[in-house]
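Asks: Fold the stuff below for me.
(3 chains)
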Amino acid sequence: MPSNLVNEYFRTENLPHIWCPGCGNGIVTRAIVKAVDNLGLNREDTCVVSGIGCSSRASGYLDFNTIHTTHGRALAFATGIKLAKPDLNVIVITGDGDSSAIGGNHLIHAARRNIDITTIVFNNNTYGMTGGQYSPTTPTGDKGTTAPYGNIDMAFDLCKLAEAAGATYVSRGTIYTTNMLIKLVENGIKNKGFSFVEAMTICPTYYGRKNKKGEAVDMMTYLKDYAINVAAYDKLTDEQREGKFIIGELYKSERPEYTEEYQKIINSFAEEV
Amino acid sequence: MGERFVKLMQGNEACVDAAIAAGMKFYAGYPITPSTEIAELSAEKLPRIGGRFIQMEDEIAGISAIIGASIAGTKSMTATSGPGFSLKQEGIGYAVITETPCVIVNVQRGGPSTGLPTAPAQGDIMQARWGTHGDHSIIALYPWSVREIYDATIRAFNLSEKYRTPVILLMDEVIGHMRERIELPTDEELTIINRKKPSCPPEEYKPYKVNEGDIVPEMAGFGEGYRFHVTGLTHGESGFPSSNGEVAENLIRRLVGKIEDNKDDIVEVHEYLLDDADMAVIAFGSTARSAKSAVDILRTEGYKIGMFRPITIWPLAEKQLEELSIKLKKVIVVEMNVGQYYLEVDRVAGKNTKVEKFGKVNGELITPEEIVSYIKEGNHA
Amino acid sequence: MTTATKTKKTLVVEENWCKGCGICVAFCPKSVLEIRNGKVNIKDLDSCIQCGQCELRCPDYAIYLGGD
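Replies: Model (predicted):
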């Protein structure tokens, strides 16, 4: 018998999920559901749209209107859903490769439009589903099955990308700081516009093993020690910041939302008649 | 109501007006010649009727958005041309396996690649059939006049709703940009088919279960009280992924069968002067207009020739082609490519009659004179 | 499934779903949990302060505070 929360929002007949032991995806998925529960969103009016990859399997476990789309395109599908039915709450679940490599352009443009979609990126720094190839967020120097001599690419700062592209809510959390992550997702959903929440998660099976990062617990401990809240980070010296990354609410702004702007055009014709 | 409009209309314009008449409320796409008028007119007209248009960041986003909108319960369309049609194949496959109704217009131009952007071609016949990966069947229609674009667009929506499948509306640069005076059908003359909504309560709904007597599963939309899952992975009646071999086999055979087993309903052909003919030209789209003229010219010279014009390109008009092959001495497939539809005609009709091909790929229309010359003297263009 | 009761809430383990990653064990502030035979086991319920950290971080929804 699962917990009330899981019973309420998960398709328990499909559990246990396919994710590996110690994979953080389940923690992020629960955090999303908890945020939805805290906000009291109606399941009938809520859509979860995912792409392809480990994280994108989450949609099949969640008891909402759910769609597991093609690789990288979750935001394009979600844009169609949201524009066709603007009253729906649309949440996109995607991974680092899905959202920033093959789907990078869709991310940029969904953010630019400020369409009211909340995107949660499960960032595990690797392509897990295909066996641990380096992704756009694999740190420079780290290894992947396609970076056997170390990754020479610069890792993408997805939050900076989202902010620059026009997202009106940008935050980053981790699976260690779970309560904060729940709050970030909640605030993302509450924002009327494009919200981007990067959830730092772990892939012990591929990324962890390939880079000798230890077991799931060791990788969680890393998140605990190296994720610094935005307020605290500001007070650190450059030396103290070395190797650390910022979590918390990184950017907020207000800008007209896409479907509302489109509705104004529709309304202008309705008034004419 | 009941009023009959006569208009001078462009092919691409007729497509948009017909789509709206068929119930289109959502269009997403990316600009590409020679289909741009379809996007431009959709942008202008949709908000006036409470519909929505969006210009997406690329072709794949365009088809992805219309699939999303369709799953949310909205009739949707996108339009493109060759290079964009290549990109849209990913989404077409997704719409096939998820059984999502939508219409994809391909106003063909010369290819491969960027090819001949503003010149006509019919080089995407096989791509329309097999462009997306994996086993599947598809419906593709190809009108030849502005009025028929109107009818075919409505039929494309109707077939997509009835069979829960993407329908490809093939055009070419000539018919897309051609202007003709057309008489629009009245509302009473139109038959509009809408997807069948679930008849059961939400707790009993299985999104991919075909009820007895139905061709396809009933389709709920997002936000209509039925919480269901859609995936591009092989799935059973529940809609959830399954890697079970039997589930996969059943799904693919059902998806193919719902189209191939209903050819009598789906396939539409136009036969011209074939009753007494011993020879026929087979052509479609703008080429068929030249073929008809060629037939008229040859008839005056005593040739017993007719024209067979598939309006439904896919699924193949196999039965009709076979019947034709039995009574004719020769068929000539005329198309603006190096011989694509020809391959299928030869497969079906080749055992009973002589099958020849005549084509051009220089971006110019095939003229009636060229067809006449070929038939009389065997001259290739 | 094993349950153990203390005051109002119940620490519940759904053994079938537990993949034995040890995250709940490592971050339990009161060392209530252990891994035994590859699954989580409640070894010291009396020390549980019902903080719910295990539930928050369990990737498999295999442990939670239930029944208040």
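Asks: and the residue of chain B found nearest chain C, how many residues sit next to it?
Replies: Nearest to chain C, among the residues of chain B, is residue B:240, at 17.6 Å (C-beta to the nearest C-beta). Backbone N, C-alpha and C define where each C-beta goes, glycine included. Using other C-beta atoms under 10 Å in any protein chain shown, residue B:240 has 20 other residues around it.
Asks: what sits against it?
Replies: A:11, A:14, A:60, B:229, B:231 (C-beta atoms under 8 Å, 6 or more residues apart in numbering or on different chains).
Asks: Check residue B:211 too.
Replies: Applying C-beta under 8 Å, 6+ apart to residue B:211 gives the contacts B:199, B:217, B:218.
Asks: So what's the residue count around the last one?
Replies: Yep, that's residue B:218 we're talking about. Residue B:218, neighbours per other C-beta under 10 Å, totals 20.
Asks: That one contacts residue B:196, correct?
Replies: Yes. Counting by C-beta atoms under 8 Å, residue B:218 does reach residue B:196; the two are 5.0 Å apart.
Asks: secondary structure class for residue 105?
Replies: The chain I'm using is chain A. Following DSSP: H, G, I helix; E, B strand; the rest coil, residue A:105 is assigned to helix.
Asks: not what I meant, chain B
Replies: Each residue gets one of three states, and residue B:105 gets strand by three-state DSSP.
Asks: I'd say it and residue B:37 touch.
Replies: No. The pair residue B:105 and residue B:37 fails to qualify as a contact (C-beta under 8 Å) at a distance of 10.8 Å.
Asks: Look at these two and report which has more neighbours.
Replies: Set side by side, residue B:105 and residue B:37 show more neighbours around residue B:105, with 28 against 19, by other C-beta under 10 Å.
Asks: Next, the contact list for that one, please.
Replies: The neighbours of residue B:105, taking C-beta under 8 Å, 6+ apart as the test, are B:15, B:35, B:38, B:77, B:78, B:79, B:80, B:153, B:168, B:169, B:171.
Asks: how about the residues of the stretch 1-150 of chain A near chain C?
Replies: A:1-6, A:10, A:15-17, A:19-27, A:30-31 (C-beta under 8 Å from any C-beta of the partner chain).
Asks: Show me which of those are buried.
Replies: When the residues of the stretch 1-150 of chain A next to chain C are checked for burial by 16 or more other C-beta atoms under 10 Å in any protein chain shown, the buried set is A:2-3, A:5-6, A:10, A:15-17, A:19-27, A:30-31.
Asks: Among the contacts of residue B:105, which pair sits farthest apart?
Replies: The distance between the two most remote of the contacts of residue B:105 (C-beta to C-beta) is 14.9 Å, for B:80 and B:153.
Asks: per-residue confidence at the nearest residue to residue A:205 once chain neighbours are set aside?
Replies: Nearest residue to residue A:205, sequence neighbours excluded (C-beta to C-beta, 6 or more residues apart in numbering or on different chains): residue A:20, at 4.3 Å. According to the prediction, residue A:20 has pLDDT 98.
Asks: So residue A:20 belongs to a strand, correct?
Replies: No. Per three-state DSSP, residue A:20 lies outside any strand segment and is coil.
Asks: And it, its phi and psi?
Replies: Main-chain dihedrals, residue A:20, degrees, to the nearest 10: phi -70, psi 160.
Asks: residues touching it, list them.
Replies: Here residue A:20 is in contact with A:128, A:203, A:204, A:205, C:19 (C-beta under 8 Å, 6+ apart).
Asks: Show me what whichever strand or helix holds residue A:121 pairs with in its sheet, parallel or antiparallel.
Replies: Using DSSP states H and E, residue A:121 maps to strand A:117-123. According to DSSP bridges, strand A:117-123 forms sheet pairs with strand A:89-95 (parallel), strand A:195-200 (parallel).
Asks: Let's have those strands in CSV, adding mean pLDDT, mean neighbour count and distance to residue B:163.
Replies: Below are the strands paired with strand A:117-123 laid out as CSV (pLDDT from 0 to 100; neighbours: other C-beta atoms under 10 Å in any protein chain shown; distance: least, C-beta to C-beta, whole Å):
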stretch, mean pLDDT, mean neighbour count, distance to residue B:163
strand A:89-95, 98, 29, 28
strand A:195-200, 98, 28, 38
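Asks: What are the boundaries of the helices in the stretch 201-350 of chain B?
Replies: B:245-260, B:263-266, B:285-300, B:318-327, B:341-349 (DSSP state H, counting those that start in this stretch).
Asks: Those: which one's closest to residue A:257?
Replies: Nearest to residue A:257, of all those, is helix B:245-260, at 38.0 Å by C-beta to C-beta.
Asks: What residues of the closest one count as buried?
Replies: Of the residues in helix B:245-260, B:251, B:252, B:254, B:255, B:256, B:258, B:259 count as buried by neighbour count, 16+ other C-beta under 10 Å.
Asks: Flag the shaky bits of the chain, pLDDT-wise.
Replies: I'll assume chain A. Residue ranges of chain A with pLDDT under 70: A:272-273.
Asks: nope, chain C please
Replies: In chain C, residues with pLDDT under 70: C:1-7, C:68.
Asks: which bits of it sit near chain A?
Replies: Applying C-beta under 8 Å from any C-beta, we find that chain C lies next to chain A at C:1, C:12, C:14, C:16-17, C:19-23, C:25-27, C:55-62, C:64-66.
Asks: Can you flag which of those belong to strands?
Replies: C:12, C:64, C:65, C:66 (DSSP state E).
Asks: Leaving out chain neighbours, which residue sits closest to the closest residue to chain C within the stretch 51-200 of chain A?
Replies: The minimum distance from the stretch 51-200 of chain A to chain C, using C-beta to the nearest C-beta, falls at residue A:178 (4.1 Å). Spatial nearest neighbour of residue A:178, excluding adjacent residues (C-beta to C-beta, 6+ apart): residue C:56 at 4.1 Å.
Asks: next one: residue A:184
Replies: residue A:171 (4.3 Å).
Asks: mind listing what residue B:91 touches?
Replies: Contacts of residue B:91 by C-beta under 8 Å, 6+ apart are A:70, A:73, B:60, B:63, B:64, B:66, B:67.
Asks: Apologies, that question was intended for residue B:252.
Replies: Residue B:252 neighbours (C-beta under 8 Å, 6+ apart): B:134, B:135, B:136, B:234.
Asks: Could you look up the SS state of the first one?
Replies: Per three-state DSSP, the secondary structure class of residue B:134 is coil.
Asks: For it, the count of nearby residues, please.
Replies: 10.
Asks: Return the helix or strand harbouring residue B:167 as PDB; C-alpha atoms alone will do.
Replies: Under the criterion of DSSP H and E, residue B:167 resides in strand B:166-172. Below are the C-alpha coordinates for strand B:166-172, written out as PDB (Å, rounded to 0.1, in the frame of the first residue of the first chain):
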ATOM      1  CA  PRO B 166      -2.400  11.600 -40.100                       C
ATOM      2  CA  VAL B 167      -3.600  12.400 -43.600                       C
ATOM      3  CA  ILE B 168      -1.200  13.800 -46.200                       C
ATOM      4  CA  LEU B 169      -2.600  16.300 -48.700                       C
ATOM      5  CA  LEU B 170      -0.200  16.300 -51.600                       C
ATOM      6  CA  MET B 171      -0.200  19.300 -53.900                       C
ATOM      7  CA  ASP B 172       2.400  20.700 -56.200                       C
END
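Asks: What helices and strands are in contact with whichever helix or strand comes after that strand?
Replies: With elements assigned by DSSP H and E, the helix or strand that comes after strand B:166-172 is helix B:173-177. Applying 3 or more C-beta pairs under 8 Å, 6 or more residues apart in numbering or on different chains; DSSP states H and E, one finds that helix B:173-177 makes contact with helix B:11-22, strand B:102-108, helix B:285-300.
Asks: Same list (those) but as CSV, adding distance to residue A:250 and mean pLDDT.
Replies: Output for the helices and strands packed on helix B:173-177, formatted as CSV (distance: least, C-beta to C-beta, whole Å; pLDDT from 0 to 100):
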stretch, distance to residue A:250, mean pLDDT
helix B:11-22, 43, 98
strand B:102-108, 38, 98
helix B:285-300, 54, 98
